[in-house]
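Student: Here is a sequence together with a model predicted from it:
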Amino acid sequence: MARLLTPEDFGLMAAAMTVIGITQLFVQIGVGPALVYYKDLKQVEINTAASFSFLLGIIACGVFYFLAKPVADFYNMPELENMIYAMLILFPLRALTNIYYCLLQKELHFKEITYGEILGFVVGMMATGIIFALLGYGVWSLVYSQIGFSVVYFIVLFYYSKIKVRFNYTQGVIKKFLKYGISFSVAAVLDYTSRQIDYVVTGKYLGSVPLSYYNKAYQIMEVPNKVIGQGISSTLFSSFSIIENDDDKIHDFLIVLYFLIFALGIPIGVMGYFLADEIVYILLGDQWYDVVPIFKILCIGIVIRIAIKVGTNFLVGKGKPTLLAWTQLANIIIIFIACFIGFQFGLEGIAIAIVISMIFNFLILSHFTIVNSHLRWVDVIKIISIILLLNAVLALIVFNIHQWIYPWLNPLFRAIIIGLVGSAFIVFTMQDKFLNIVFPSYSHVLQIYINRVKSKISSRTKAV
């Protein structure tokens, strides 16, 4: 779609999504985390949660109906008003979708959730968006693609869920859910706010076209986070909740998580940095080359963006939502200050500000993770330091290969070759003999978990 629409179209949509994205938060206040946390839920409790969430979605429709024009005026983008009106349907729809998502997550049915995401993206978003873009609907093709994704995603989750909700309301149930979940919701709202400050500042002070460039760079940077980070995040909350009283298991689990995230994330960042030109050309086309320098800066934050999820989900799983909320508030303050300094230096300044704020957020969350577990800072620093040194070698190799093949291969083949080199490096760092040499203190724990992952991948491959 990036080849069918203009950067201004995507900038308008990015501005609209700063508002519409609130749907996921507004409709699950106190309900989502509680549905996952409480065991042996009765049908009446699930029905009440669905009714309460749907009611919030309807209220949100009314609230944002009156906020649509002020938001458009704030950004100085008149087209936003009608776009927001059209997407108000997403509030009640995502409210119900969130209920089925939490019920499937509670039963660890992540495969079904993934099916919903894939079908929603391919059928609901891409197919709908491309068709309307080809018909000349411009920015509205992006609006319809968002609606299409939400509709298909809801249908798939509804189909796979064994529990079908009905609308009724029991006041005592809502009090129970809110007592547990309201702090998580506050933390989620703060987290969402922290992730929108850069968009708001860019859209307000730099305009829709620069916002589209920043949005595309950030979206590409987010791909590893969605593939690796969200997969980790979807299981971490449930896992930490199950083993919350077993300190030894938590210690081993955290060691493995930090190793896997940095062993995967840093090489991806290295490859992304050196392949920025190729990635932007392949995914977006010639008109988006202004994205390249922004994406290169954001590549530094790829691994940090994923690693932040460890601390976030650890505090959630350990039942410390208030502490998480305070860390998110501190993060908002850091981002706000950094972005207002950064935007004066253009998009690159905004990107640098976001990477710096990510690092601070990671350090804060890691500190509280360590304080509330048997993990030590020396363990984390040792893992990160060794992996960084190894990836310095990878960066040197990739740089020289890239320089050598650049003149005589097209972007796609350059990306494939560098991707194969990076993949071989990642596989090498996962080998048992290598772990015994580099991480002798943790090699046994790492080998157990990595071999489990390999076994699952092998069994799925044979099944296919």
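Tutor: Done, it's in.
Student: what packs against the helix or strand hosting Thr327?
Tutor: Applying DSSP states H and E as the criterion places Thr327 in helix 321-342. Counting contacts by 3 or more Cβ pairs under 8 Å, 6 or more residues apart in numbering; DSSP states H and E, helix 321-342 packs against helix 171-205, helix 302-317, helix 346-371. Glycine gets a C-beta too; all of them are placed from N, C-alpha and C.
Student: buried set for the first one?
Tutor: Right, helix 171-205. Residues of helix 171-205 classed as buried: 173-174, 176-178, 181-203 (neighbour count, 16 or more other Cβ atoms under 10 Å).
Student: tell me, how many neighbours does Gln146 end up with?
Tutor: 21 (other Cβ atoms under 10 Å).
Student: One more: Met126?
Tutor: By other Cβ under 10 Å, the residues close to Met126 number 15.
Student: ok now do it, which residues does it touch?
Tutor: For Met126, the contact set (Cβ atoms under 8 Å, 6 or more residues apart in numbering) comprises 1, 145.
Student: Look up phi and psi at Asp290.
Tutor: phi -70, psi -10 (degrees, to the nearest 10).
Student: Quick check, pLDDT for the residue lying closest to it once chain neighbours are set aside.
Tutor: Nearest residue to Asp290, sequence neighbours excluded (Cβ to Cβ, 6 or more residues apart in numbering): Tyr213, at 4.9 Å. pLDDT, Tyr213: 95.
Student: How about the one 3 residues further on?
Tutor: Note on Lys216: pLDDT of 94.
Student: Surely Glu222 and Arg305 touch.
Tutor: Yes: if you go by Cβ atoms under 8 Å, Glu222 and Arg305 touch, sitting 7.3 Å apart.
Student: okay, those two: which has more neighbours?
Tutor: Neighbour comparison, Glu222 and Arg305: the larger count goes to Arg305, with 24 against 16 (by other Cβ under 10 Å).
Student: The more buried one contacts Asn225, correct?
Tutor: Yes: with contact defined as Cβ under 8 Å, Arg305 counts as touching Asn225 (4.9 Å).
Student: mean confidence for stretch 271-285?
Tutor: Mean per-residue pLDDT for stretch 271-285: 93.
Student: Using neighbour counts, pick out the buried residues of that stretch.
Tutor: Within stretch 271-285, the residues that count as buried by 16+ other Cβ under 10 Å are 271-281, 284.
Student: Can you tell me the closest non-neighbouring residue to Glu79?
Tutor: With sequence-adjacent residues excluded and distances taken as Cβ to Cβ, 6+ apart, Glu79 is closest to Leu12, at 5.6 Å.
Student: residue ranges with poor pLDDT in the stretch 351-464 of the chain?
Tutor: 441-464 (pLDDT under 70).
Student: isn't Phe360 right next to Ile334, touching?
Tutor: Yes: counting by Cβ under 8 Å, Phe360 touches Ile334, with 5.2 Å between them.
Student: what about the residue nearest to Asn391 when sequence neighbours are not counted, how many neighbours?
Tutor: Spatial nearest neighbour of Asn391, excluding adjacent residues (Cβ to Cβ, 6+ apart): Ile266 at 4.6 Å. By other Cβ under 10 Å, the residues close to Ile266 number 24.
Student: Which ones among the buried residues of stretch 271-285 lie within strands?
Tutor: Counting by DSSP state E, the buried residues of stretch 271-285 place none of their members in strands.
Student: Out of the residues you listed, the closest to Tyr37 would be?
Tutor: Nearest to Tyr37, judged by Cβ to Cβ, of the buried residues of stretch 271-285 is Gly272 at 36.0 Å.
Student: For that closest one, give me its contacts.
Tutor: Counting by Cβ under 8 Å, 6+ apart, Gly272 makes contact with 220-221, 279, 295, 299, 302.
Student: what about it, distance to Val156?
Tutor: In this structure, Gly272 and Val156 are 31 Å apart, going by Cβ to Cβ, to the nearest Å.
Student: ok, now Leu206?
Tutor: For Leu206, the distance to Val156 (Cβ to Cβ) stands at 38 Å.
Student: Please apply the same query to Val371.
Tutor: Look at Val371 and Val156: by Cβ to Cβ, they are 40 Å apart.
Student: between those two, which one's more packed in?
Tutor: Between Val371 and Val156, counting by other Cβ under 10 Å, Val156 is the more crowded of the two (23 against 10).
Student: The more buried one contacts Lys111, doesn't it?
Tutor: No: applying Cβ under 8 Å, one finds Val156 not in contact with Lys111, separated by 11.6 Å.
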